[in-house]
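Novice: Take this sequence and fold it.
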Amino acid sequence: MADFDLIVIGSGPGGYVTAIRASQLGLKTAIVERSELGGICLNWGCIPTKALLKSAEMYESLDHLKDYGLSVEKRGFDFAAVVQRSRKVAAQLNSGVTFLMKKHKVEVIEGTARLEKGGEAPKVVVALNAGGSRTVTAKHVILATGARARTIPAIGLEPDGERVWTYREALVPKTAPKSLVVIGSGAIGMEFASFYRALGSDVTVVEMLPRILPVEDEEVSKAAHKAFEKRGIKFRVPANVKQLTKTKSGVSLEIEAGGKAETLAADVAIVAVGIVGNVEDLGLEALGVKIDRTHVVTDGHGATGVPGLYAIGDVAGPPWLAHKASHEGVHCVEHIAGLKPTNLSSPIPGCTYTTPQVASVGLTEAQAKEQGLEPKVGRFPFRVNGKAIAAGELDGFVKTVFDGKTGALIGAHMIGHEVTEMIQGFTLAMTLEATEAELQATVFPHPTMSEAMHEASLDAYGIVLHI
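Specialist: Here you go, the predicted structure:
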């Protein structure tokens, strides 16, 4: 008889949420975690970065107090205190996950897991953090081991904790570097660029693709580029990194941009060139688990092809987002329990917490055209939105993409103040398969910045009201 109904390996947003849902469904559940409950997202990713970015936003807002008729006598910051606050936020949420595991009677096994062939599902052999090992069995095992920053040692893109950082080192430096180069302009790279620039660092971002935030709609990407340049961030786009070399004073980066060689010097380099799945040392090869470019291959329910073994979240492939991992985990465990969960094709929003913020869901205008659709596109700028004007947050816009034949909302893209809090409205609309008719008939409260969402929907059909 198996020790548990379900064992989850990894306690990030995918793993711990999966364990909670399993417990709710009456499954005897254990979770194996080699480090901190909550995983990278809670302890070294999503949460502490947002705490840092909030401090940066508050500090930057002091530059604009005169615009609101306000003033302060002295402007400054305590960098150590900024970092410490972010660690306290992470610690608070870590204790919250610990409480949730106890509340839902999920047994937490502290150690490093390895899989071996077993009965209904692979056996889990845990090298315990406290010493020794423990072998546990279950009817089902879910991998939620996440991913880590991609490095490229051959050209020097490998962290050393001092001059070359990944997101982890960038979260807890002793002091803010006077200058830094960020390699990669995805969400992680741009968030750190935004944070350090706000606190006075000289920041240059290097991106090999033709534009920054390359997964975003091209109009949003271009607007973000201009907004970041206005804040003093410099860009080399597109540019290939040839070699990073450590120097006595920092780093030297050899790049090729526009066919010309160039050398960039800085105190620190942040490597943000993607992630790789944590698939090593788990025993997956011996079990015959199929792996594609460091990610476990799964079906529509998270099954790996090995009886009783599933994978969810970052280790199972893109998009590499915490909320996607949680959604997949709930779906997977409900499927295991014999329920009929909603499919995994629900639209997944993406958010970048820079200043200004960027948020999107669904297809870009270009992707819609590539798929042979005839998109109807609407736009509405915040500069003519009443709440935005009152708040002094004029930058940015909302863009909607509808299917010209069916009227279905197939994409939404936003840049501006707190748009990460608004994108869920469009996500819900797409999940409910709303068309332009439902969005145009929806009553949006006034005055709010969300009214721009309504106006952009109207604009797609030529009936915008306030521009």
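Novice: residue closest to the middle of the protein?
Specialist: Centroid-nearest residue in the chain: Leu321, 4.5 Å away (criterion: Cα atoms, centre = their mean).
Novice: Provide a list of residues in contact with that one.
Specialist: Neighbouring residues of Leu321 by Cβ atoms under 8 Å, 6 or more residues apart in numbering: Ile348, Gly350. The way it works is simple: take the backbone N, C-alpha and C, and place the C-beta from them, glycine included.
Novice: how close does it sit to Glu328?
Specialist: Remark: distance between Leu321 and Glu328 (Cβ to Cβ, to the nearest Å) = 10 Å.
Novice: Likewise for Arg236?
Specialist: 36 Å.
Novice: higher neighbour count, those two?
Specialist: The residue with the greater number of neighbours, taking Arg236 and Glu328 and applying other Cβ atoms under 10 Å, is Glu328; the counts read 26 against 22.
Novice: what about that one, which helix or strand?
Specialist: When secondary structure is defined by DSSP states H and E, Glu328 falls within helix 322-336.
Novice: So what touches the helix or strand just after that helix?
Specialist: With elements assigned by DSSP H and E, the helix or strand that comes after helix 322-336 is strand 350-352. In this structure, residues lying in contact with strand 350-352 by Cβ under 8 Å, 6+ apart are 187, 190-191, 213, 215-216, 319, 321, 357-361, 420, 423.
Novice: same thing but at 6 Å, please
Specialist: With Cβ atoms under 6 Å, 6 or more residues apart in numbering as the contact definition, strand 350-352 has outside contacts at Ala187, Val358, Ala359, Ser360, Thr420.
Novice: Any stretches of the stretch 1-150 of the chain with poor pLDDT?
Specialist: Counting by pLDDT under 70, the stretch 1-150 of the chain shows no low-confidence range.
Novice: just the helices in it please.
Specialist: Secondary structure of the stretch 1-150 of the chain (DSSP state H, counting those that start in this stretch): helices located at 13-24, 39-44, 46-61, 79-103.
Novice: Check the stretch 251-400 of the chain too.
Specialist: Assignment of helices within the stretch 251-400 of the chain using DSSP H, counting those that start in this stretch yields the ranges 284-287, 322-336, 365-370, 386-391.
Novice: Out of those, the one nearest Lys105 is which?
Specialist: Of all the helices of the stretch 251-400 of the chain, the one in closest proximity to Lys105, counting by Cβ to Cβ, is helix 322-336 (15.2 Å).
Novice: tell me the mean pLDDT over that closest one?
Specialist: Predicted confidence along helix 322-336 averages 96 (mean pLDDT).
Novice: Can you tell me which helices and strands it packs against?
Specialist: In terms of contact count using 3 or more Cβ pairs under 6 Å, 6 or more residues apart in numbering; DSSP states H and E, helix 322-336 is assigned the packing partners helix 13-24.
Novice: For the helix it packs on, buried residues please.
Specialist: With burial defined by 16 or more other Cβ atoms under 10 Å, the residues of helix 13-24 counted as buried are Pro13, Gly14, Gly15, Tyr16, Val17, Thr18, Ala19, Ile20, Arg21, Ala22, Ser23.
Novice: Check stretch 102-117 too.
Specialist: By neighbour count on 16+ other Cβ under 10 Å, the buried set for stretch 102-117 is Val106, Glu107, Val108, Ile109, Glu110, Gly111, Thr112, Ala113, Arg114, Leu115.
Novice: So which of the residues you listed are in strands?
Specialist: Using DSSP state E, Glu107, Val108, Ile109, Glu110, Gly111, Thr112, Ala113, Arg114, Leu115 are the members of the buried residues of stretch 102-117 that sit in strands.
Novice: picking that back up, please indicate which of the helices of the stretch 1-150 of the chain has the most neighbours on average?
Specialist: Each of the helices of the stretch 1-150 of the chain was given a mean neighbour count from mean count of other Cβ atoms under 10 Å, and the largest, a mean of 27, is that of helix 13-24.
Novice: how far is it from where the chain is centred?
Specialist: Helix 13-24 has its C-alpha centroid displaced from the chain centroid by 20 Å (Cα atoms, centre = their mean, to the nearest Å).
Novice: Quick one: list the elements packing against it.
Specialist: Contacting helix 13-24 under the criterion 3+ Cβ pairs under 6 Å, 6+ apart are the following elements: strand 4-9, strand 29-33, helix 322-336.
Novice: what angle sits between that helix and strand 4-9?
Specialist: For helix 13-24 against strand 4-9, the angle by axes from the mean of the first three to the mean of the last three Cα atoms, to 10 degrees is 170 degrees.
Novice: nearest to Cys46, of the ones in strands among the buried residues of stretch 102-117?
Specialist: When those are compared for distance to Cys46 (Cβ to Cβ), Val108 wins out at 21.0 Å.
Novice: Which strand residues bridge the closest one?
Specialist: Ile31 (DSSP bridges).
Novice: Tell me how far it lies from Asn43.
Specialist: Computed as Cβ to Cβ, the Val108 to Asn43 distance reads 15 Å.
Novice: same thing with Leu199?
Specialist: Counting by Cβ to Cβ, the separation of Leu199 from Asn43 is 22 Å.
Novice: again, but for Ile255
Specialist: Using Cβ to Cβ, we find Ile255 at a distance of 33 Å from Asn43.
Novice: same thing with Ala51?
Specialist: Plainly put, Ala51 is 12 Å away from Asn43 if you go by Cβ to Cβ.
Novice: want to try JSON lines for the helices of the stretch 251-400 of the chain, with distance to Leu65 as columns?
Specialist: Written out in JSON lines, the entries for these read as follows (distance: least, Cβ to Cβ, whole Å):
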{"stretch": "helix 284-287", "distance to Leu65": "55"}
{"stretch": "helix 322-336", "distance to Leu65": "34"}
{"stretch": "helix 365-370", "distance to Leu65": "38"}
{"stretch": "helix 386-391", "distance to Leu65": "14"}
